[in-house]
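*Asks:* following is a predicted model, sequence given first.
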Amino acid sequence: MLVLSRRENEKIVFPTLGITVQVCGINRTTTRIGIDAPPSVPILREEVSSGKYAMPAPSNPATGRHQLKNRLHAASLAVHLAQKQLNAGLADEADQTLMAALREFAALDQDMMAENSPPPPTKRSIRALVVDDNSNECALLAEFLRLHGIKVETANDGQEALDYLKSHDRPDVVLLDMRMPRCDGPTTVAAIRRDAAYEGLKVFAVSGSKPDEWTVEPGTRGVDGWFSKPINPATLVRQMNIALGLN
């Protein structure tokens, strides 16, 4: 959270976002705030965003729940990534990341922005392969991991991941979505576990689905861990370190 002290009529400007916040008036109990933002960025009071404002219900509840989890996951990654970018001195990149989050959602619950302290630095560089057909989620997670010193490659689906594994040096970890076209998560896991060349390779599911929705074994014959979207990427990094014996 950015905390600033402003006097009456002073402004806070987010140039890349195109948003200006002005303190219009102050009294003992209330501060009047003016917000100038592009039409694409809705501005809501907290009480509206927390309950009264709701997205229309989709015709298929199961599909709607999956899409909602994916959107929450993407927004959560954007918030985490923006914070890491600010810590790294990448102010312009942080503005752009926050813009993507604002366009994705009308409002975010304040609890989504709360996070645990960042994990300790890794003792050696981890190599990870992130596999997700949602390019936005894939890019956000990959960039967050890179800011933790992890070397990251990406694949758009299971078939592309398997092709990558055959033609490149083996990564330490595969972070795998389950619901993908062409070659889904379970099929990809089964192919990896059948190949002796990948024995001991850590595979983590990162999915909007629950484990009982798929026939994937836990452990060395299936996935080494399951992270349901929206994930806390800092927790994911910690678990990767633990699984690789780097803690």
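*Replies:* That came through, no problem.
*Asks:* can you pull the buried residues of stretch 172-182?
*Replies:* For stretch 172-182, the neighbour count (16 or more other CB atoms under 10 Å) marks Asp172, Val173, Val174, Leu175, Leu176, Asp177, Met178, Arg179, Met180 as buried. For the C-beta atoms, the positions are set from N, CA and C on the backbone; glycine is no exception.
*Asks:* who touches Arg170 in this structure?
*Replies:* Taking CB atoms under 8 Å, 6 or more residues apart in numbering, we find Arg170 in contact with Ala197, Tyr198, Leu201.
*Asks:* now rank those by neighbours and give me the top one.
*Replies:* The most neighbours of any of the contacts of Arg170, using other CB atoms under 10 Å, belong to Leu201, which has 18 neighbours.
*Asks:* residues contacting that one?
*Replies:* Applying CB under 8 Å, 6+ apart, the residues contacting Leu201 are Arg170, Pro171, Asp172, Val173, Val174, Ile192.
*Asks:* go with 7 Å
*Replies:* Arg170, Val174, Ile192 (CB atoms under 7 Å, 6 or more residues apart in numbering).
*Asks:* please apply the same query to Val203.
*Replies:* Here Val203 is in contact with Val174, Leu176, Val189, Ile192, Val223, Asp224 (CB under 7 Å, 6+ apart).
*Asks:* I believe Asp212 is in a strand; please confirm or correct that.
*Replies:* No - using DSSP: H, G, I helix; E, B strand; the rest coil, the secondary structure at Asp212 is helix, not a strand.
*Asks:* ok, it to Gln239 distance?
*Replies:* To Gln239, Asp212 is 20 Å away according to CB to CB, to the nearest Å.
*Asks:* in helices, which of the contacts of Val203 fall?
*Replies:* Val189, Ile192 (DSSP state H).
*Asks:* nearest to Leu162 among the contacts of Val203?
*Replies:* Here the nearest of the contacts of Val203 to Leu162, counting by CB to CB, is Ile192; it sits at 7.6 Å.
*Asks:* now the closest one: how far from Val203?
*Replies:* From Ile192 to Val203 the distance is 6 Å (CB to CB).
*Asks:* could you say which helix or strand contains Leu165?
*Replies:* helix 158-167 (DSSP states H and E).
*Asks:* pull the number of nearby residues for the nearest residue to Lys151 once chain neighbours are set aside.
*Replies:* Closest residue in space to Lys151, ignoring its immediate chain neighbours: Arg127 at 4.7 Å, by CB to CB, 6 or more residues apart in numbering. Arg127 has 15 neighbouring residues, counting by other CB under 10 Å.
*Asks:* who touches Arg127 in this structure?
*Replies:* Here Arg127 is in contact with Lys151, Pro171, Asp172 (criterion: CB under 7 Å, 6+ apart).
*Asks:* Gly149 against Ala128, yeah?
*Replies:* No - counting by CB atoms under 7 Å, Gly149 sits too far from Ala128 to count as a contact (11.0 Å).
*Asks:* tell me which of those two has more neighbours.
*Replies:* More crowded of Gly149 and Ala128, by other CB under 10 Å: Ala128, with 23 against 12.
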